[in-house]
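**Student:** Need coordinates for the below:
(one chain, ligands or ions: 2)
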Amino acid sequence: MNSCDQPGLLPLEAALQRINAVVNCAQNCEYVPLLNARGRVLAEDIIASRPIPDFDNSAMDGYAFASNSVGRTDTFRVAGIALAGQPYLGALSENECIRIMTGAKMPSGCDCVAMQENTLRDGDALTLLKVPAKGENVRLAGHDLPQGSRILLRGRRLGPVDIGMLASLGELQVPVYTKPRVGVFSTGDELTPLGQPLEPGRIYDSNRYLLLSALAEYPIEVIDFGSIPDDRQKLEQVFLEAASQCHAVISSGGVSVGDADYTRELLVTLGQVDFYKLAIKPGKPFAFGTLHTAGDSTPCYFFGLPGNPVSAAVTFEQLALPALEKLTGANPQAKLVLKLRACSSFKKRPGRTDFQRGRILANQNGIIGVESINSQSSGALSTMVVANAYVRLEQERGNVEEGEYVDVLPFDTSLPLL
Ligand SMILES: Nc1nc2c(c(=O)[nH]1)N[C@H]1C(S)=C(S)[C@@H](COP(=O)(O)OP(=O)(O)OC[C@H]3O[C@@H](n4cnc5c(N)ncnc54)[C@H](O)[C@@H]3O)O[C@H]1N2
Ligand code: MOO
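**Tutor:** Ligands and ions are numbered 1, 2, ... in the order given. Below you'll find the model as predicted:
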């Protein structure tokens, strides 16, 4: 037995493996216009049907030559001009060169380009100040991408550079996976719709807004089922409706042991619970399972996040999100983990993997370390605004002393440092 503060808690790695083993992408391929493909997941490999570029061209503004004539004379007659998109189509005699611009097709017979700065021009006469070598300043056909290259692989989430690459290949329509449907709801009698005054003991529903806006970043069709009161029947209704419409459902709240915590209980009736107690902090009461779907073979996965806002955010990001990304067809993404020096101590009890909130400190010369923030309360969402990274501390370790090196997961790659 390990030194878990409570028995029966599943370690984070085991939970991730279980989720990964259960969740599978069941999306189909659809073609979308290129400009609508940003953020979508490629459903097929993209293979270059032609080389890019498909002609040799000049890398500089200057003059194009046949390199074997360059050694014989250093004075040439400028016989014509080649512009990008307007090639010079004539033939070239000995002692002739062609005025050429960057990107223009190399005239036939020419195999090098002298940069304009290395020449002297007087009317039609050109003198070379520096002799170019064969191939100099020439970009060969296929130098960007040879024909047949498998440049973008299935499972890649397309970003602006990929859209540009697809445009240079002339692809108007892109094969992407259809978007999985993901339902979101929160539970709790205390949750008050925004815009209404707060009665005593009530709060606004922050989890659902956080989740809906986080999901908007992904190629996912999100269905908002709202805030559901702690009423078994109403919850059951939403569970059934969500299971019939969605590939996955994410709820927050009601997974612990309180008198009104119906979520896990309903999951047992309406589906199968895979696990519901995790050795992570925050986020211990996290339920994962599958909901029964009527006669349909496509399963509906269920992620029951804890109600505490930081616990909900951490379990969403660390556990639900990798599974949802898999549902979209996306290849697994390695997380950026920095090994940084602790600039303060961190309190830690052995037994759970901690996702403490920290601040990466940086000066003009770069990153200098990470410090703890004042509060590590899982009920305080403001800790995640003040922090700019998680400090991940392994399950069995204890306190961190200042000066030790710790694993840091930045919230973002551009850090708010003030
Ligand atoms: N006796 C025990 N009590 C608790 C345990 C435990 O093991 N034994 N675990 C604690 C931990 S850890 C967590 S995390 C919470 C999780 O409980 P639930 O998932 O059942 O969540 P609720 O009880 O519904 O709410 C907890 C907390 O979060 C607030 N909340 C809920 N939903 C939202 C929302 N949508 N937006 C903002 N805030 C929300 C809620 O008002 C509560 O304050 O259980 C501990 N208890
Ligand atoms: O572990 Mo709970 O998730 O601290 O708040």
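
**Student:** got the residues of the protein near ligand 1?
**Tutor:** Taking C-beta under 6 Å from any ligand atom as the criterion, the chain approaches ligand 1 at residues 186, 188, 190-191, 203, 205-208, 252-258, 261, 282, 284-285, 306-309, 311, 378-379. Backbone N, C-alpha and C define where each C-beta goes, glycine included.

**Student:** Return the subset of those lying in strands.
**Tutor:** Ser186, Leu191, Ile203, Ser252 (DSSP state E).

**Student:** Do I have it right that the last one meets Tyr209?
**Tutor:** Okay, so that is Ser252. No. Applying C-beta atoms under 8 Å as the test, Ser252 and Tyr209 come out as separate, 10.8 Å apart.

**Student:** Would you mind listing the buried residues in the helix or strand harbouring Arg77?
**Tutor:** Secondary structure assigned from DSSP states H and E places Arg77 in strand 75-82. The neighbour-count check on strand 75-82 (16 or more other C-beta atoms under 10 Å) flags Phe76, Val78, Ala79, Gly80, Ala82 as buried.

**Student:** Ok, stretch 172-186 next?
**Tutor:** Going by neighbour count (16+ other C-beta under 10 Å), the buried part of stretch 172-186 is 174-186.

**Student:** Pick out whichever of those residues sits closest to ligand 2.
**Tutor:** Ser186 (15.2 Å; C-beta to the nearest ligand atom).

**Student:** what about the closest one, distance to Ala320?
**Tutor:** Applying C-beta to C-beta, to the nearest Å, the value for Ser186 to Ala320 is 14 Å.

**Student:** swap in Arg40?
**Tutor:** 20 Å.

**Student:** buried sites along the lengthiest helix in the chain?
**Tutor:** Counting residues, the longest helix found in the chain (DSSP state H) is helix 232-245. Within helix 232-245, the residues scored as buried using 16+ other C-beta under 10 Å are Leu235, Glu236, Val238, Phe239, Leu240, Ala242, Ala243, Gln245.

**Student:** out of the residues you listed, who's nearest ligand 1?
**Tutor:** Distance to ligand 1 across the buried residues of helix 232-245 (C-beta to the nearest ligand atom) is lowest for Leu235, with 11.8 Å.

**Student:** residues near whatever residue of the chain ends up closest to ligand 1, how many?
**Tutor:** At 2.5 Å from ligand 1, Gly307 is the closest residue in the chain, using C-beta to the nearest ligand atom. Here the number of neighbours of Gly307 (other C-beta atoms under 10 Å) works out to 25.

**Student:** Next, find the distance separating the residue lying closest to it once chain neighbours are set aside from Gly379.
**Tutor:** In space, and not counting its chain neighbours, Gly307 is closest to Gly253: 3.4 Å by C-beta to C-beta, 6 or more residues apart in numbering. Using C-beta to C-beta, we find Gly253 at a distance of 12 Å from Gly379.

**Student:** More neighbours: which of Ser252 and Tyr209?
**Tutor:** Ser252 (31 against 14).

**Student:** Torsion angles phi and psi at the residue nearest to Gly109 when sequence neighbours are not counted?
**Tutor:** In space, and not counting its chain neighbours, Gly109 is closest to Leu92: 4.4 Å by C-beta to C-beta, 6+ apart. Main-chain torsions, Leu92, degrees, to the nearest 10: phi -120, psi 130.

**Student:** Centre of the chain to stretch 17-24, how far?
**Tutor:** 20 Å (C-alpha atoms, centre = their mean, to the nearest Å).

**Student:** hmm, back to that, show me which of Gly253 and Gly379 is the more surrounded one.
**Tutor:** The residue with more neighbours, out of Gly253 and Gly379, is Gly253; 30 against 12, by other C-beta under 10 Å.

**Student:** The stretch 51-200 of the chain: strands as residue ranges?
**Tutor:** 57-58, 62-65, 75-82, 96-100, 112-115, 119-122, 125-128, 138-139, 150-152, 173-177, 181-187, 191-192 (DSSP state E, counting those that start in this stretch).

**Student:** Tell me the helices and strands packed up against the fifth one.
**Tutor:** Meaning strand 112-115. Other helices and strands packing on strand 112-115, by 3 or more C-beta pairs under 8 Å, 6 or more residues apart in numbering; DSSP states H and E, are strand 62-65.

**Student:** got a list of contacts for the strand it packs on?
**Tutor:** Contact partners of strand 62-65, identified using C-beta atoms under 8 Å, 6 or more residues apart in numbering, comprise 58, 76, 78, 82, 97-100, 106-107, 110-116, 118-119, 126, 132, 137.

**Student:** In ChimeraX, how would I select just the buried ones from those residues?
**Tutor:** Buried subset of the contacts of strand 62-65, written as a ChimeraX selection, criterion 16+ other C-beta under 10 Å:
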select :58,76,78,82,97,98,99,100,106,107,110,111,112,113,114,115,118,119,126,132,137
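
**Student:** ok, back up a step: how about the ones in strands among the residues of the chain next to ligand 1, which pair is most distant?
**Tutor:** Of all pairs drawn from these, the greatest distance, 12.5 Å, lies between Ile203 and Ser252 (C-beta to C-beta).

**Student:** give the contact list for the nearest residue to Leu120 once chain neighbours are set aside.
**Tutor:** Excluding its sequence neighbours, the residue lying closest to Leu120 (C-beta to C-beta, 6+ apart) is Thr127, at 4.4 Å. Each residue near Thr127 by C-beta under 8 Å, 6+ apart is listed here: Asp74, Thr75, Phe76, Thr119, Leu120, Arg121.

**Student:** if you set the cut-off to 7 Å instead, what comes out?
**Tutor:** Asp74, Thr75, Thr119, Leu120 (C-beta atoms under 7 Å, 6 or more residues apart in numbering).

**Student:** who's it bridged to?
**Tutor:** Here Thr127 shows beta-bridge partners Thr75, Leu120, assigned using DSSP bridges.

**Student:** in stretch 121-141, what's buried?
**Tutor:** For stretch 121-141, burial by neighbour count (16+ other C-beta under 10 Å) applies to Leu126, Leu128, Pro132, Glu136, Asn137, Val138, Arg139, Ala141.
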